[in-house]
Each structure stands twice: as C-alpha cells, then as structure tokens.
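> Build me a model:
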Amino acid sequence: MTFIPQEIQIGGDWAIDRFTYSMDTTPVGGGTSSNDKGKCIWIWRRQRDGSWKVARAIWNSDNPVPGTVWSGTPRAAS
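Okay, the predicted model is just below:
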C-alpha cells in the first residue's frame, strides 16, 4: 500500500490530512490480484498526552464498482 500526501492543515488540537493511495491485493487462497487507487481524508485529534489519533476517516476508490459502468447518453436534469 502506498500513501501520497496531498495536503495537511493543523489548527489547535485538530488536523486534516488529505492524501491519495494505491493498493495491490492478492487473495490468500490464490486467484487474481487487484489494484485499487483512491483518495482519503483523515481528521486527527491531539490527545491529552500530546499524541495524535484519527478521529474520523473517509476514503473513496477511484475504480468503478464492477457491473455499474454506465454507458448511456447524458440528459438534462428535470
């Protein structure tokens, strides 16, 4: 798994960490390996002892969900 930092902002006891990732996986029982790439935001909070812990996290894959590729014609919203 590879993380590529994009931006970090710190304000007081909170920090916002935005990055992209790339991950290669292979099933333990064998089979086809896969690659996932995407983006993440982690919100960190400083603890009383000065350490930082992730308070919230969200990530989204850039890969399409299998079977959901839309190939229609765009149309105006109604």
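> beta partners of the closest residue to Asn63 other than its chain neighbours?
Closest residue to Asn63 apart from its sequence neighbours, by CB to CB, 6 or more residues apart in numbering: Asp36 at 5.7 Å. In this view, the C-beta of every residue, glycine as well, is placed from N, C-alpha and C. Going by DSSP bridges, Asp36 is paired in beta bridges with Met23.
> Asp36 and Gln6: what is the separation?
To Gln6, Asp36 is 17 Å away according to CB to CB, to the nearest Å.
> before we move on, what about Ile43?
15 Å.
> Would you map the strands across this structure?
Using DSSP state E, the strands assigned to the chain run over residues 2-11, 14-25, 34-46, 52-61.
> Contacts only, for Val54.
42-44 (CB atoms under 8 Å, 6 or more residues apart in numbering).
> okay if I get the strands of the chain as JSON lines plus distance to Gly67?
Listed next are the strands of the chain as JSON lines, based on distance: least, CB to CB, whole Å:
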{"stretch": "strand 2-11", "distance to Gly67": "27"}
{"stretch": "strand 14-25", "distance to Gly67": "19"}
{"stretch": "strand 34-46", "distance to Gly67": "15"}
{"stretch": "strand 52-61", "distance to Gly67": "15"}
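> can I get those strands in TSV with mean pLDDT?
As requested, those are exported to TSV (pLDDT from 0 to 100):
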stretch	mean pLDDT
strand 2-11	96
strand 14-25	96
strand 34-46	96
strand 52-61	96
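> If you tally nearby residues, what's the number for Glu13?
Heads up, residue 13 is Asp, not Glu. Look at Asp13: counted by other CB atoms under 10 Å, it has 12 neighbours.
> Many thanks, I have nothing further to ask.
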